[in-house]
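Participant: Would you be able to build a 3D model of this:
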Amino acid sequence: MSTKIDPVHVIGGGLAGSEAAWQIAQAGVPVVLHEMRPVRGTDAHHTDGLAELVCSNSFRADDWTANAVGLLHAEMRRLDSIIMSCGDAHQVPAGGALAVDRDGFSQAVTARLEAHPNVSIAREEVAGLPPADWDSVIVATGPLTSPALSDAILSLTGEGELSFFDAIAPIVNFDSIDMGVAWRQSRYDKEGPGGDAAAYINCPLDKAQYEAFIDALLAGPKSEFKDWENVPYFDGCLPIEVMAERGRETLRHGPMKPVGLTNEHNPQEKAYAIVQLRQDNALGTLWNMVGFQTKLKHGAQTDIFRTIPGLEKAVFARLGGLHRNTFLNSPKLLDTQLRLKVQPRLRFAGQVTGVEGYVESAAMGLLAGRLAAAERLGAPIEAPPATTAMGALVGHITGGHLEGGKGSFQPMNINYGLLPPVEAVAKRDETGRRLGAKEKSRGKKLAVGERALADLETWVTGETRVAAE
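Facilitator: Numbering: from 1, shown residues only. Model prediction:
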């Protein structure tokens with residue numbers, strides 16, 4: 001006679017919540033996924049689909065041998081990630097990155113969760129703390145946590161709110177781009193996972209055009225905030241006008257850098273700056289302006305962005321905007337199981353834990369789901385070792401930055417600096433030739449990736465053995 005297993009409750013149907021629910025269900029544990037849309041909407045979402053992408057459509061670099069987020073991709077694929085599986089199935093060309101058709105991706109995640117026999121989806125807002133009889137809960141409410149739940153969590157922890165504002169980049173209709181001025185090419189003709197080496201549309205600016213563009217950015221009207229609102233922007237998602245305020249050349253060394261590209265219309269002419277657009281949907285009809293997240297008012301956006309060569313007649317499917325991001329002081333509040341120390345029935349996952357980025361958020365949902373399912377089945381497991389990308393993220397959000405006091409803990413993307421260094425790698429190749437700095441760097445990254453995947457495999461084997469026992 002089988003024993004009834006009580007469900008785990010997951011609050012929030014974004015990337016982290018969807019991934020957590022999938023992992024729990026796949027482990028054979030019933031899960032109730034609570035999503036407040038469409039009962040209660042948000043300022044950033046446009047649909048009621050699960051795992052809706054509200055900012056970029058890119059999961060960033062996909063090469064595990066040379067990029068930390070690519071390594072995170074590989075680890076998640078090994079762990080049956082629904083986010084990576086649906087992302088791979090709905091990818092669009094993006095050079096060396098993995099970008100997805102946002103609508104197809106969200107629809108696929110929603111359909112797979114709706115069809116899973118262990119998943120129940122409740123379209124409702126969980127206002128305040130979850131009911132006391134929910135003894136296992138994952139809070140994955142992300143950057144748009146409802147005020148009632150946010151206030152309840154902050155009251156429970158005694159912590160003040162930490163927040164920043166993410167800025168959303170505009171999306172342009174392809175047919176409105178002047179391809180007699182713009183051209184398609186990825187930097188250094190690098191192919192992405194889809195095999196396309198011409199995944200970006202490039203719009204060139206000469207020096208006078210760039211200077212005029214910077215002047216317009218600086219002078220353009222911006223969305224204003226209340227005097228009591230603090231806006232400590234995360235450096236990985238700075239509004240373009242904030243970057244311009246940091247120096248007139250900042251954008252030329254950031255999203256508008258003119259390197260690795262040759263103007264097919266005039267190969268001898270070198271652009272002073274370049275604006276890139278990346279495909280946003282599978283049909284190729286929508287393209288987003290890479291790195292152009294903004295808090296400019298909508299009227300100013302259309303006027304200023306149409307001064308960019310090739311975008312003079314741009315039709316915008318969506319203009320830029322802002323949404324608020326809330327995260328916990330996780331090193332103080334969470335244990336290594338991602339549980340709230342003062343109330344362990346509550347786990348947290350996603351951006352609310354203090355990771356930054358789609359993939360990082362989903363990875364924390366994946367781990368929270370596995371940890372919760374194992375606990376429910378009576379065979380608890382530990383998080384992956386710190387030598388893995390996922391383990392390194394857990395170490396960051398649960399073990400650091402206490403010495404700096406309140407406000408020292410800040411969101412973090414996965415990066416090699418979070419992983420323990422590898423032992424010395426070869427300084428010469430098989431012929432005895434001394435390796436250059438770039439070659440040694442590539443060797444170190446490859447060694448970190450190989451170690452991570454090997455250690456993850458050992459962890460998975462141990463996890464499976466414990467579950468079987």
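
Participant: where does the stretch 351-469 of the chain have low pLDDT?
Facilitator: Low-confidence segments of the stretch 351-469 of the chain (pLDDT under 70): 400-408, 410, 424, 463-469.

Participant: swap that for the stretch 101-250 of the chain, sorry
Facilitator: Counting by pLDDT under 70, the stretch 101-250 of the chain contains low-confidence ranges at 143-144, 146, 159-167, 191-197, 225-236.

Participant: all helices of it, in order?
Facilitator: Secondary structure of the stretch 101-250 of the chain (DSSP state H, counting those that start in this stretch): helices located at 102-115, 147-157, 207-219, 240-245.

Participant: Going by contacts, tell me the helices and strands next to the shortest one.
Facilitator: Packing contacts for helix 240-245, counted by 3 or more CB pairs under 8 Å, 6 or more residues apart in numbering; DSSP states H and E, involve helix 207-219. All C-beta spots, glycine's among them, are computed from the backbone N, C-alpha and C.

Participant: Could I get the buried residue list for the helix it packs on?
Facilitator: Residues of helix 207-219 classed as buried by neighbour count (16 or more other CB atoms under 10 Å): Gln209, Tyr210, Phe213, Ile214, Ala216, Leu217.

Participant: residue contacts, the fifth one?
Facilitator: Read it as Ala216. Shown in contact with Ala216 (CB atoms under 8 Å, 6 or more residues apart in numbering): Asp303, Ile304, Thr307.

Participant: any idea which of these is the one closest to Asp80?
Facilitator: Ile304 (44.6 Å; CB to CB).

Participant: Find the residue closest to Leu334 in space, skipping its chain neighbours.
Facilitator: Thr398 (5.2 Å; CB to CB, 6 or more residues apart in numbering).

Participant: So that neighbour sits against Pro331, correct?
Facilitator: Yes - applying CB atoms under 8 Å as the test, Thr398 and Pro331 come out as touching, 6.1 Å apart.

Participant: for Gly417, phi and psi?
Facilitator: With angles defined as degrees, to the nearest 10, Gly417 sits at phi -70, psi -20.

Participant: and Asn288, what element?
Facilitator: strand 286-289 (DSSP states H and E).

Participant: Show me what that strand is packed against.
Facilitator: strand 171-173, strand 273-279.

Participant: tell me the most buried of these?
Facilitator: Sort those by mean neighbour count, taking mean count of other CB atoms under 10 Å, and strand 273-279 sits at the top with a mean of 25.

Participant: Show me which of the buried residues of helix 207-219 is closest to Leu435.
Facilitator: Among the buried residues of helix 207-219, Tyr210 lies closest to Leu435 (CB to CB), at 37.8 Å.

Participant: Look at the residue nearest to the closest one when sequence neighbours are not counted and report its pLDDT.
Facilitator: Leaving aside its sequence neighbours, Tyr210 sits nearest to Ala273 (CB to CB, 6+ apart; 4.4 Å). Ala273 carries a pLDDT value of 97.

Participant: and Ala273, how far is that from Arg184?
Facilitator: Applying CB to CB, to the nearest Å, the value for Ala273 to Arg184 is 18 Å.

Participant: same question, Gly49
Facilitator: 30 Å.

Participant: got it, and Ile83?
Facilitator: According to CB to CB, Ile83 stands 28 Å off from Arg184.

Participant: Next: Ala300.
Facilitator: 28 Å.

Participant: so who does the residue lying closest to Leu205 once chain neighbours are set aside touch?
Facilitator: If the residues on either side of it in the chain are set aside, Leu205 comes closest to Ala273, at 4.6 Å by CB to CB, 6+ apart. Applying CB under 8 Å, 6+ apart to Ala273 gives the contacts Pro204, Leu205, Gln209, Tyr210, Phe213, Leu251, Arg252, Met256, Lys257, Pro258.

Participant: cool, Asp178 as well?
Facilitator: When contacts are counted by CB under 8 Å, 6+ apart, Asp178 touches Pro309, Gly310, Leu311, Glu312, Lys313.

Participant: neighbour-wise, which of Gly49 and Arg184 wins?
Facilitator: Neighbours were tallied for Gly49 and for Arg184 using other CB atoms under 10 Å; the higher tally belongs to Gly49 (22 against 16).

Participant: which residue sits closest to that one in space, ignoring its chain neighbours?
Facilitator: Nearest residue to Gly49, sequence neighbours excluded (CB to CB, 6+ apart): Ser106, at 3.9 Å.

Participant: For that neighbour, grab the count of nearby residues.
Facilitator: 23.

Participant: so what's it up against?
Facilitator: Thr47, Gly49, Leu50, Ala51, Glu52, Leu53.

Participant: try it again with 10 Å
Facilitator: Counting by CB atoms under 10 Å, 6 or more residues apart in numbering, Ser106 makes contact with 13, 15, 18, 47-53, 86, 90, 100.

Participant: cool, and Val29?
Facilitator: For Val29, the contact set (CB under 10 Å, 6+ apart) comprises 5-8, 23, 118, 136, 369, 372-377.

Participant: For Pro380, see how far away the residue lying closest to it once chain neighbours are set aside is.
Facilitator: Closest residue to Val29 apart from its sequence neighbours, by CB to CB, 6+ apart: Ala373 at 4.6 Å. Distance of Ala373 to Pro380, computed by CB to CB: 10 Å.

Participant: Overlap of the contact sets of those two?
Facilitator: Common neighbours of Ala373 and Pro380 (CB under 10 Å, 6+ apart) do not exist.

Participant: Can you pick out the residue with more neighbours from these two?
Facilitator: Neighbour totals were compared for Ala373 and Pro380, and Ala373 leads with 25 against 13 (other CB under 10 Å).

Participant: Tell me who's in contact with the more buried one.
Facilitator: When contacts are counted by CB under 10 Å, 6+ apart, Ala373 touches 5, 8, 20, 23-29, 31, 136, 379-381, 467.

Participant: Now with 8 Å, please.
Facilitator: Contacts of Ala373 (CB under 8 Å, 6+ apart): Val8, Gln23, Ile24, Ala27, Gly28, Val29.

Participant: and what of Ile308?
Facilitator: Cys203, Leu205, Gln209, Phe213, Val275, Ala314.

Participant: repeat for Ser58
Facilitator: With contact set as CB under 8 Å, 6+ apart, Ser58 has these partners: Ala94, Ala97, Leu98, Ala99, Val100, Arg278.

Participant: list the contacts for the third one?
Facilitator: Just to be clear, that refers to Leu98. Ser58, Phe59, Arg60, Ala61, Asp62, His73, Gly87, Asp88, Gln91, Gly192, Pro193.

Participant: and the second one, how many neighbours?
Facilitator: Going back to what we said before, that points to Phe59. 29.

Participant: Can you tell me which of the contacts of Ile308 is nearest Asp429?
Facilitator: Nearest to Asp429 among the contacts of Ile308, with distances taken as CB to CB, is Val275, at 39.6 Å.

Participant: Report the separation between the nearest residue to that closest one once chain neighbours are set aside and Phe409.
Facilitator: Excluding its sequence neighbours, the residue lying closest to Val275 (CB to CB, 6+ apart) is Cys203, at 4.4 Å. From Cys203 across to Phe409, the span is 38 Å (CB to CB).
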